[in-house]
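Trainee: coords please:
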Amino acid sequence: MTRAGTIHTPTRRVAVAAGVLLLLAACAVALLRDAGRWLVCEDPLAKADVIVVLSGGLPYRAEEAAKIYRMGCAPEVWVSYPVGPGADLASLGIPYVGEEEYNRRILIREGVPEKAVRVFPDPILNTQQEVREVARELQRTGKARVIFVTSPEHTRRVKTLWRKLAGGAGEAIVRPAANDPFDAAHWWRTTRDALAVVREYLGLMNAWAGFPLRPH
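Mentor: Numbering: from 1, shown residues only. Below is the predicted model:
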């Protein structure tokens with residue numbers, strides 16, 4: 001028997017447990033809502049030696065790079081050369097124009113002189129290779145600062161990869177493409193944004209773990 005107005009100990013425990021679960025659920029929801037925002041980094045612009053357009057995000061990354069070039073932040077723009085189906089299509093007699101060529105054309109159309117645009121000669125598979133290639137080229141040419149232009153959700157991973165892979169090659173400024181449609185505040189509303197967020201967190205975990213997963 002218990003006195004009137006008191007709560008059985010098991011009932012009290014259930015109430016406390018339910019409260020804790022509700023609090024944890026609220027925290028989890030808040031963290032998920034901010035998962036897209038956390039991925040987006042935007043370094044202040046400063047004078048640099050070169051702007052790099054990372055592969056993907058047509059046409060937004062190239063447009064942003066051209067805008068930064070017109071602001072006088074760097075004298076040249078480097079364009080990544082991603083692996084594509086060119087060889088397979090050529091075997092079928094079908095011409096293929098790669099992403100790097102479209103980026104080059106966008107840059108020129110948006111006011112970057114053709115002589116200021118350089119496409120890397122070797123194809124790359126992923127951002128890790130892009131970062132390593134840029135770091136090697138900075139060291140080879142004696143340049144000290146690079147501005148990376150990429151999609152908003154990709155910016156934190158680029159910064160992480162630079163810290164881990166650049167080997168002191170120089171300073172990196174990372175900028176998101178302003179016109180990219182990624183909605184950081186409501187990333188769960190579209191499959192495009194949801195898949196992008198999942199991909200970026202998987203990429204970050206791979207980097208934090210020391211790159212146990214390798215490109216195919």
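
Trainee: switch to C-alpha atoms for all contacts and neighbour counts from now on
Mentor: Noted.

Trainee: At the geometric centre of this protein, which residue do we find?
Mentor: In the chain, the centroid-proximal residue (Cα atoms, centre = their mean) is His154; its distance is 1.3 Å.

Trainee: dump the residue contacts of Ile147.
Mentor: Ala48, Val50, Ile51, Val52, Ala172, Ile173, Val174, Arg175 (Cα atoms under 8 Å, 6 or more residues apart in numbering).

Trainee: repeat that with 6 Å
Mentor: Residues in contact with Ile147 (Cα atoms under 6 Å, 6 or more residues apart in numbering) are Ile51, Ala172, Ile173, Val174.

Trainee: next one: phi and psi at the first one?
Mentor: Meaning Ile51. The phi/psi pair for Ile51 (degrees, to the nearest 10) reads phi -110, psi 140.

Trainee: for stretch 76-96, which positions count as buried?
Mentor: Residues of stretch 76-96 classed as buried: Glu76, Val77, Trp78, Val79, Ser80, Tyr81, Pro82, Val83, Gly84 (neighbour count, 16 or more other Cα atoms under 10 Å).

Trainee: Looking at those, which are in strands?
Mentor: Val77, Trp78, Val79 (DSSP state E).

Trainee: can you redo those residues as a markdown table with distance to Ile108 and pLDDT?
Mentor: Below are these laid out as a markdown table (distance: Cα to Cα, whole Å; pLDDT from 0 to 100):
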| residue | distance to Ile108 | pLDDT |
| --- | --- | --- |
| Val77 | 10 | 98 |
| Trp78 | 12 | 98 |
| Val79 | 12 | 98 |
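
Trainee: Leu107 is in contact with Lys67, isn't it?
Mentor: No - taking Cα atoms under 6 Å as the definition, Leu107 is not a contact partner of Lys67, at 9.0 Å.

Trainee: how about Val119, phi and psi?
Mentor: Backbone dihedrals for Val119, given as degrees, to the nearest 10, come out at phi -100, psi 130.

Trainee: now it, nearest residue through space, not along the chain?
Mentor: Among residues not flanking Val119 along the chain, Val79 sits closest, at 4.6 Å (Cα to Cα, 6 or more residues apart in numbering).

Trainee: Could you tell me which residues make contact with the one you found?
Mentor: Val52, Val53, Val119.

Trainee: Apply 8 Å and report the result again.
Mentor: With Cα under 8 Å, 6+ apart, Val79 has these contacts: Val52, Val53, Leu54, Ser55, Glu100, Asn103, Arg104, Val117, Arg118, Val119, Phe120.

Trainee: Between the residues you listed, which sits nearest Ala194?
Mentor: Of all the contacts of Val79, Ala194 sits closest to Ser55, with 19.8 Å by Cα to Cα.
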